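Novice: Test case, fold it:
(one chain, ligands or ions: 1)
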Amino acid sequence: MAPKEWTVHNPDGKQRVIVTKELPGNRWLDILTDARCRVEVCSSDDVLTVDEITERIGDSCHGAIGQLTEDWNAGLFATLAAAGGTAYSNYAVGYNNVDVPGATAAGIGVGNTPGVLTETTAEMAVSLTFSAGRRVAEADRFMRGGRYLGWLPSLFMGMRFCGGTVGIIGAGRIGAAYARMMVEGHKMNLVYFDLYRNETLEQYVSDYSDFLVAHGEDSVTCRRAETLDDLLSVADVVSLHTVLDDTTRHLIDAERLATMKPDAILVNSSRGPVIDEAALVEHCAANPQFTAGLDVFEDEPAMKPGLAELDNVVIVPHIASATKWTREGMATLAAANVAAILREYPLWERDDVLPFLLGDVPRAAPSIVNAAELHLNQ
Ligand code: DGY
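Specialist: Predicted structure coming up:
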């Protein structure tokens with residue numbers, strides 16, 4: 001494989017930080033150069049292999065910002081630690097590509113970027129919901145194919161959302177934001193499945209319901225499902241917002257798909273392997289009324305055979321967080337994580353990370369997932 005091009009910023013910086021992809025905006029780079037870092041950025045769009053990253057770390061490297069497409073395994077963290085490194089941040093909120101125990105064992109803090117993807121990702125989940133349920137992509141292809149010969153009473157009938165039931169699996173930040181958009185925007189009833197009760201979300205829906213009733217409209221409801229199958233059997237729309245780990249891999253398999261309503265919509269903006277994609281292909285082929293909207297895929301960037309041929313599936317290339325504000329915010333948080341560890345700043349104690357995006361950067365690390373294990377929160 002041909003060697004990749006790297007751009008060096010602040011060549012005289014005291015601490016060396018590698019960044020495996022070009023990142024949007026400038027604030028992230030200012031944060032690292034203000035921390036007296038020499039910053040080396042790979043300008044290739046190819047996914048870097050472990051060997052390529054190992055080679056770039058070399059003998060002396062203090063920190064790294066990596067991508068969700070890369071395999072940050074224990075060996076890589078051992079290499080980084082041997083080169084004098086203590087800091088890593090994923091350029092993502094999800095970190096299923098990172099061996100966190102391996103990083104902890106090597107004494108390396110692992111950052112991620114929560115709090116700037118919430119609405120942006122939820123908005124894409126909403127877009128996929130409507131594109132699938134109202135058959136937007138399929139109808140677009142029909143128009144472009146010159147097949148529209150005039151208005152017809154039954155052309156491209158889809159789902160009516162108002163008054164239906166939306167189900168979310170995972171009621172964390174993004175799941176809850178999506179739920180509110182669907183409940184508030186479309187007056188849907190909510191059912192959620194999560195290990196933990198989300199009382200804030202329940203109260204929000206209850207208050208919104210009171211507001212609707214006060215305006216002479218029907219109430220809306222919110223309940224936490226006892227089981228996943230309970231949710232799947234009642235929801236018209238099911239949107240996935242879980243992390244990917246051993247407990248959620250293939251959470252939605254052939255059996256669970258069969259539990260869903262035949263004309264339900266399944267949306268995934270979390271991680272591809274949460275759905276058994278081959279089973280989904282079979283299910284969608286056998287049930288043309290069932291629709292799916294997918295931002296993520298099991299073997300990304302590949303798709304399982306048959307998926308791309310299905311008219312009842314809308315597919316986009318893992319772009320749920322792709323707005324300028326969010327992607328620049330992610331870069332800022334990733335850089336602030338690395339710079340804070342290198343400067344031995346404490347952990348940011350608040351959920352709200354927006355102070356990192358404007359004005360003076362707080363002297364803290366916005367989000368370090370193994371902070372407790374490494375005693376960085378003291
Ligand atoms: C994440 O951050 O985990 C998303 O999947 C990419 O935006």
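Novice: Apart from its neighbours in sequence, what residue is nearest the residue of the stretch 201-350 of the chain found nearest the ligand?
Specialist: Nearest residue of the stretch 201-350 of the chain to the ligand (CB to the nearest ligand atom) works out as residue 321 at 3.2 Å. From N, CA and C alone the C-beta is placed, and that goes for glycine too. Take residue 321 and drop its neighbours on the chain: the residue closest to it by CB to CB, 6 or more residues apart in numbering is residue 117, 4.5 Å away.
Novice: Surely the one you found touches residue 330?
Specialist: Yes - between residue 117 and residue 330 there is a contact under CB atoms under 8 Å: 7.0 Å.
Novice: Next, show the common contact partners of these two.
Specialist: 93, 321 (CB atoms under 8 Å, 6 or more residues apart in numbering).
Novice: separation between the residue most central in space within the chain and residue 80?
Specialist: In the chain, the residue lying closest to the centroid (CA atoms, centre = their mean) is residue 270, at 5.1 Å. Between residue 270 and residue 80 the distance is 28 Å, computed by CB to CB, to the nearest Å.
Novice: Please work out which residues outside the helix or strand encompassing residue 141 touch it.
Specialist: Assigned by DSSP states H and E, residue 141 falls within helix 136-144. Residues from elsewhere that reach helix 136-144 (CB under 8 Å, 6+ apart): 130, 131, 148, 156, 311, 312, 314.
Novice: Name the member of those with the most neighbours.
Specialist: residue 314 (24 neighbours; other CB atoms under 10 Å).
Novice: Pretty sure residue 252 sits against residue 276.
Specialist: Yes - with contact defined as CB under 8 Å, residue 252 reaches residue 276; the gap is 6.7 Å.
Novice: Nearest residue to residue 71 in space, ignoring adjacent ones along the chain?
Specialist: Per CB to CB, 6+ apart, closest to residue 71 is residue 50, 5.6 Å.
Novice: and the one you found, what pLDDT?
Specialist: Note for residue 50: predicted pLDDT of 98.
Novice: likewise residue 130?
Specialist: 98.
Novice: That one: which element?
Specialist: helix 118-133.
Novice: now swap in residue 75 and tell me
Specialist: Going by DSSP H and E, residue 75 is part of helix 74-82.
Novice: Strands of the chain, start to end?
Specialist: For the chain, the strands defined by DSSP state E occupy 6-9, 15-19, 37-42, 63-66, 87-90, 109-111, 165-169, 189-193, 222-224, 237-240, 265-268, 291-294, 313-315.
Novice: any chance of those in TSV, plus distance to the ligand and mean pLDDT?
Specialist: Converted to TSV, those look like this (distance: least, CB to the nearest ligand atom, whole Å; pLDDT from 0 to 100):
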stretch	distance to the ligand	mean pLDDT
strand 6-9	23	98
strand 15-19	16	98
strand 37-42	18	98
strand 63-66	12	98
strand 87-90	8	98
strand 109-111	12	98
strand 165-169	16	98
strand 189-193	20	98
strand 222-224	25	98
strand 237-240	12	98
strand 265-268	11	98
strand 291-294	13	98
strand 313-315	15	98
